[in-house]
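Colleague: sequence first, then the predicted structure, then my questions.
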Amino acid sequence: MATVRSQEAERKDWDTYFMDIAYMVSTRSRCSRRHVGALLVQGKKLLGTAYNGAPMGVPDCSEAGCMIAEELEITIENGQEKMIKKQRCIRTIHAEQNLLLFTDPVNREGSSVYVTDQPCWTCANMLANSGVQEIVYHRSYPKDSDKVSLLMEQKGIIFRSVTDYVPPPQAAMSVIS
Ligand SMILES: [Zn+2]
Ligand SMILES: [Zn+2]
């Protein structure tokens, strides 16, 4: 009986199980700035996987280099205009966007998305309109975090991070934000 109980204790919980898969999927990415993996999960069933990358059949970041674009975002803080400068690699389609391209809308209704990284604004905006009910992420993306969290609250989408989670060592990387 004691043996059975200790085996049960070692069993992965669902968040760890799906986040481990998302990290393994992310290892397919060839963008040196960030490897992102995303999964569509409906009722504990895995219905789609995606990672960030260039469109199929064209050179990716490892072959052609990242395509860096700089964006200026203007926000108002205490009545003062503030400019935030952001650099992004725009060669890749983000993992969440690829996930939406390759999954059936029917499978997204009431589903969960597991993603290695907190979605950027554009991905969050698309996910908010996709039928997804929950988004679970691991690494934070502070630049868009406040407005993405507000959007999720307005849409009533559960938005949570797995804070105690540790990724599989072979999938861990340092990211450029
Ligand atoms: Zn890149
Ligand atoms: Zn994104």
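Modeller: Good, I have the coordinates. Ligands and ions are numbered 1, 2, ... in the order given.

Colleague: ok, the residue minimising distance to the centre of the chain to residue 35 distance?
Modeller: Nearest residue to the geometric centre of the chain (CA atoms, centre = their mean): residue 115, 3.3 Å. From residue 115 over to residue 35 the distance is 12 Å, taken as CB to CB, to the nearest Å. Just so you know, the C-beta spots here come from the backbone N, C-alpha and C atoms, and that holds for glycine as well.

Colleague: on that earlier part again, let me know the helix or strand that the nearest residue to the residue nearest to the centre of the chain once chain neighbours are set aside is in.
Modeller: Distances taken as CB to CB, 6 or more residues apart in numbering put residue 38 closest to residue 115, at 4.3 Å, once the chain neighbours are dropped. Following DSSP states H and E, the helix or strand that holds residue 38 is strand 37-42.

Colleague: pull that strand out as PDB, backbone CA atoms only.
Modeller: Output in PDB follows, covering the C-alpha atoms of strand 37-42 (Å, rounded to 0.1, in the frame of the first residue of the first chain):
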ATOM      1  CA  GLY A  37       5.700  26.200 -27.700                       C
ATOM      2  CA  ALA A  38       1.900  26.300 -27.500                       C
ATOM      3  CA  LEU A  39      -0.800  23.500 -27.100                       C
ATOM      4  CA  LEU A  40      -4.500  23.400 -27.500                       C
ATOM      5  CA  VAL A  41      -6.100  21.200 -24.800                       C
ATOM      6  CA  GLN A  42      -9.800  20.400 -24.600                       C
END
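
Colleague: one step back: residue 50 is in contact with the residue nearest to residue 115, correct?
Modeller: Yes - with the criterion set as CB atoms under 8 Å, residue 38 and residue 50 qualify as a contacting pair; they are 5.1 Å apart.

Colleague: now do the same contact list for the residue nearest to the centre of the chain.
Modeller: The neighbours of residue 115, taking CB atoms under 8 Å, 6 or more residues apart in numbering as the test, are 22, 36, 37, 38, 39, 95, 96, 135, 136, 137, 138.

Colleague: the third one contacts residue 51, doesn't it?
Modeller: This means residue 37. Yes - applying CB under 8 Å as the test, residue 37 and residue 51 come out as touching, 5.1 Å apart.

Colleague: which neighbours do the two share?
Modeller: Counting by CB under 8 Å, 6+ apart, the contacts common to residue 37 and residue 51 are 25, 26, 28, 29, 95.

Colleague: alright, calling it a day.
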